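Peer 1: I need the structure of the sequence given here:
(one chain, ligands or ions: 1)
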Amino acid sequence: MAHSGVHKDRGELRIHENLDELGTDLAEYIAELSEASVKERGVFAIAISGGSLIGLMGKLCEAPYNKTVDWAKWYIFWADERVVAKTHADSNYKLAKDGLLSKVPVVPSHVNSINDTVSAEEAANDYEFHVRQLVKTRTVNVSDISDCPKFDLILLGMGSDGHVASLFPNHPVLDEKDEWVTFITDSPKSPPERITFTLPVINSASNVVVVVTGESKAEAVHLAIDDVGADCLSLPARLIQPTKGKLAWFLDKLAASKLDGSQFSE
Ligand SMILES: O=C(O)[C@H](O)[C@@H](O)[C@H](O)[C@H](O)COP(=O)(O)O
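Peer 2: Below you'll find the predicted structure:
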């Protein structure tokens, strides 16, 4: 790893020389969390997003992880999903299925995708209801300080505008406090209709990992992590602040190129 350290209040920073190195470290990190969670709770409840993240998780499908990870114990969720048919090129489910889930022995009934036959609003309500059922049975753990689900791991990407999941800058859903899953119909990134976990759910997770690569995101990484004053406090990525869980940033050198190195220790 090119550089790794702990930022004074923005979690762990893992900065990689290139995408290959990042992919190796990410696969190892996820495999370790899976093992710890299966040991402690018997299951691993993981939520993923769309975008380049899925490709960067690719090494999980290769040796040794394809054989060493306890795939049968994985319960897979989406931190956000585009409201399109599961067969559509824009579907985050399809992206994950083609790039990851079809290559490892996950249990099909543990793959918790959205209802793609209803409106965005109904899909969000259905998904929240579904997550609630799984919290009842503790397949998904529950937070000790609120009634929120406590996912073992939530994996996020970040856009160059600082959005995470489908939580976009200045959007009213950033203020959502009651719902676990909500919907938008005006996403600035296509397609417009999406469902998304809300901030209280993301911030209740045991582990949140944000994976960001490329120079076009360097400014947003700087605003999401460094002390840059009040202006950026409402940047969605900056609002990722797990209450009791652990936050880790997986960056490549280009995405990390505008970070103020003085604010974290090796
Ligand atoms: O459905 C989506 O659009 C995603 O979940 C979204 O939050 C994504 O993770 C970021 O936009 C980063 O995407 P890239 O890594 O492809 O830039």
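Peer 1: When you work out contacts or count neighbours from here on, use the C-alpha atoms and nothing else.
Peer 2: OK.
Peer 1: Okay, helices next: where are they in the stretch 101-250 of the chain?
Peer 2: For the stretch 101-250 of the chain, the helices defined by DSSP state H, counting those that start in this stretch occupy 120-136, 199-202, 218-225.
Peer 1: where does the protein have its least confident helix or strand?
Peer 2: strand 264-265 (a mean of 64; mean pLDDT, DSSP states H and E).
Peer 1: returning to that earlier point: need the winner for burial among the helices of the stretch 101-250 of the chain.
Peer 2: helix 199-202 (a mean of 26; mean count of other CA atoms under 10 Å).
Peer 1: what about that helix and the ligand, any contact?
Peer 2: No. Interface with the ligand: helix 199-202 contributes nothing (CA under 6 Å from any ligand atom), its closest point being 12.7 Å away.
Peer 1: which outside residues touch that helix?
Peer 2: 148-150, 154, 174, 176-177, 180, 208, 239-240, 242 (CA atoms under 8 Å, 6 or more residues apart in numbering).
Peer 1: for it, the distance to its chain's centre please.
Peer 2: Relative to the chain's own centre, helix 199-202 is displaced by 11 Å; criterion: CA atoms, centre = their mean, to the nearest Å.
Peer 1: now swap in stretch 89-106 and tell me
Peer 2: The answer for stretch 89-106 is 15 Å, by CA atoms, centre = their mean.
Peer 1: for stretch 158-169, same thing?
Peer 2: That offset, for stretch 158-169, works out to 12 Å (CA atoms, centre = their mean).
Peer 1: Compute the first-to-last residue distance for stretch 145-152.
Peer 2: 16 Å (CA to CA, to the nearest Å).
Peer 1: cool, and stretch 195-214?
Peer 2: 26 Å.
Peer 1: any idea how far Ile48 is from the nearest residue to Phe44 once chain neighbours are set aside?
Peer 2: Nearest residue to Phe44, sequence neighbours excluded (CA to CA, 6 or more residues apart in numbering): Trp74, at 4.8 Å. According to CA to CA, Trp74 and Ile48 sit 12 Å apart.
Peer 1: again with Lys94
Peer 2: 12 Å.
Peer 1: the more surrounded of these two?
Peer 2: Neighbour count, other CA atoms under 10 Å: between Lys94 and Ile48, Ile48 has more, with 23 against 19.
Peer 1: report the longest helix in the protein, please.
Peer 2: helix 19-41 (DSSP state H).
Peer 1: tell me which residues of that one are tucked away?
Peer 2: Residues of helix 19-41 classed as buried: 22-28, 30-31, 33-35, 37-38 (neighbour count, 16 or more other CA atoms under 10 Å).
Peer 1: do the same with stretch 158-177
Peer 2: 158-169, 173-174.
Peer 1: which one among those residues gets closest to Gln133?
Peer 2: Ala165 (22.2 Å; CA to CA).
Peer 1: Report pLDDT for that closest one.
Peer 2: We have a pLDDT of 98 for Ala165.
Peer 1: isn't it right next to Ile154, touching?
Peer 2: No. Look at Ala165 against Ile154 with CA atoms under 8 Å: they stay out of range, at 9.9 Å.
Peer 1: joint contacts of the two?
Peer 2: Ala79.
Peer 1: Just give me the neighbour total for the closest residue to Gly51 other than its chain neighbours.
Peer 2: Leaving aside its chain neighbours, Gly51 sits nearest to Gly157 (6.9 Å; criterion: CA to CA, 6+ apart). Per other CA under 10 Å, the neighbour tally for Gly157 reads 23.
Peer 1: contacting residues for Gly157?
Peer 2: Taking CA under 8 Å, 6+ apart as the definition, contacts of Gly157 comprise 49-53, 164-165, 210-212.
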